[in-house]
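J.: Sequence plus the predicted model coming up.
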Amino acid sequence: MQIIENIQTWKEIRNALNKTDRIGFVPTMGNLHPGHLSLTQTSRDENTCTLVSLFVNPTQFNNPEDFTHYPRTLEQDLDLLRTAQVDYCFIPQAETLYLDNYRYQISENLHSNDLEGACRPGHFTGVLTIVMKLLQIIRPHTAYFGEKDYQQYALIEGMTKAFFIDTNITLCPTIREPSGLAYSSRNNRLSPQQRQQAEQFATIFHQGNSCTQIEKDLSQAGILVEYIREKENRRYAAVNIGGVRLIDNYQFSLRSA
Ligand code: AMP
């Protein structure tokens, strides 16, 4: 696997690729787990080369504490990517990505203010801006995103259509621990007791009860609920367990209850 720290280096590699090569791109913030690796596997299955980016994007954190405590495990991530036979790993510096000091931003004015956007002002503007920059640099044929962050996927997919970006956006299913808890880098910040609560969160959220009942059951389990909502045949949840925010969602229709 080739590690790329410099935009120019990637441009040269990209220009030297064959016309028939297909580039798959998996943007991540590192601290990799089986959810991320399922995206790299899908990319490997569908492309001739796969590039993973590792970048903890400061502009999408509305809470500076969350940014400071976000787990950073570079050497472990590189080992996992090598084992997963990823071809390129892009590790940019914030200064080179934000030469404009974040003066230029991509924002969406409807869905980005709901759900995660309502709880985390500015979050999706940070996400859309960094993804736009990365898509312009990498110029992949396909980019892969997880259903775990469905609202993010939908906004990115909409952005690529709105700006005529020549990259397919592919959605990959949420990968879960045996308990049903979705893998997340934030799970690593949970104490053993908080982890039990996180697993309870997954169980209660997937029981198929009404949103009001789910909210009651979570509160009874001592879990702080930010939202439990249904929107366009999908159920979304955000909870806060000891200062760690966890989100989840799944497709839902009354018939599946
Ligand atoms: P992150 O590093 O959290 O920014 O996530 C990078 C990508 O991995 C995003 O497209 C996420 O939706 C995806 N992802 C994170 N967790 C999971 C999971 N448990 N299953 C599938 N995809 C995931």
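T.: Here it is on my side, so go on.
J.: drop to CA atoms for contacts and neighbour counts, all remaining ones
T.: Noted.
J.: What about Leu224, how many residues nearby?
T.: 17 (other CA atoms under 10 Å).
J.: Point out the residues in this protein that sit beside the ligand.
T.: 27-30, 35-36, 145-149, 173-176, 182-184 (CA under 6 Å from any ligand atom).
J.: From those residues, list just the buried residues.
T.: Among these, those buried by neighbour count (16 or more other CA atoms under 10 Å) are 27-30, 35-36, 145-149, 174-175, 182-184.
J.: in the stretch 51-200 of the chain, which spans are strands?
T.: Using DSSP state E, counting those that start in this stretch, the strands found in the stretch 51-200 of the chain span residues 88-90, 142-146, 168-172.
J.: Out of those, which one sits most buried?
T.: Across the strands of the stretch 51-200 of the chain, the average number of neighbours (mean count of other CA atoms under 10 Å) peaks for strand 142-146, which reaches a mean of 22.
J.: Show me what that one is packed against.
T.: strand 23-28, helix 34-46, strand 168-172 (3 or more CA pairs under 8 Å, 6 or more residues apart in numbering; DSSP states H and E).
J.: which other residues reach the longest one?
T.: Just to be clear, that refers to helix 34-46. 24-26, 28, 49-50, 52, 84, 86, 144-146, 172, 174-176, 183-184 (CA atoms under 8 Å, 6 or more residues apart in numbering).
J.: Swap in 6 Å and give it another go.
T.: Identification of contacts with helix 34-46 by CA atoms under 6 Å, 6 or more residues apart in numbering yields Gly24, Thr50, Ile175.
J.: just the helices in the stretch 101-250 of the chain please.
T.: 116-119, 123-138, 150-162, 192-205, 211-220 (DSSP state H, counting those that start in this stretch).
J.: Could you measure from Glu46 over to Gly222?
T.: In this view, Glu46 and Gly222 are 43 Å apart by CA to CA, to the nearest Å.
J.: who's more crowded, those two?
T.: The neighbour count for Glu46 versus Gly222, taken as other CA under 10 Å, is higher for Glu46 (14 against 11).
J.: And that one, how close does it get to Phe25?
T.: 11 Å.
J.: related to what we said a few turns ago, now render the helices and strands packed on strand 142-146 as TSV, adding mean pLDDT.
T.: Formatted as TSV, those follow (pLDDT from 0 to 100):
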stretch	mean pLDDT
strand 23-28	99
helix 34-46	98
strand 168-172	98
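J.: Indicate which one of these is closest to Ser191.
T.: Proximity to Ser191 (CA to CA) singles out helix 34-46 among the helices and strands packed on strand 142-146, at 20.2 Å.
J.: Determine how far that closest one lies from the middle of the whole chain.
T.: 13 Å (CA atoms, centre = their mean, to the nearest Å).
J.: what does stretch 180-200 give?
T.: Taking mean C-alpha positions (CA atoms, centre = their mean), stretch 180-200 and its chain are 17 Å apart.
J.: Would you mind measuring the gap between the ends of that stretch?
T.: Across stretch 180-200, first to last residue, CA to CA, it's 9 Å.
J.: now Pro140, nearest residue through space, not along the chain?
T.: Ile23 (5.0 Å; CA to CA, 6 or more residues apart in numbering).
J.: And that neighbour, how close does it get to the ligand?
T.: Separation of Ile23 from the ligand (CA to the nearest ligand atom, to the nearest Å): 16 Å.
J.: what does Val86 give?
T.: Taking CA to the nearest ligand atom, one finds Val86 at 15 Å from the ligand.
J.: Quick check: bridge partners of the residue lying closest to that residue once chain neighbours are set aside?
T.: Once flanking residues are discounted, Val86 sits nearest to Thr50: 5.6 Å by CA to CA, 6+ apart. With DSSP bridges as the criterion, Thr50 is bridged to Gly24.
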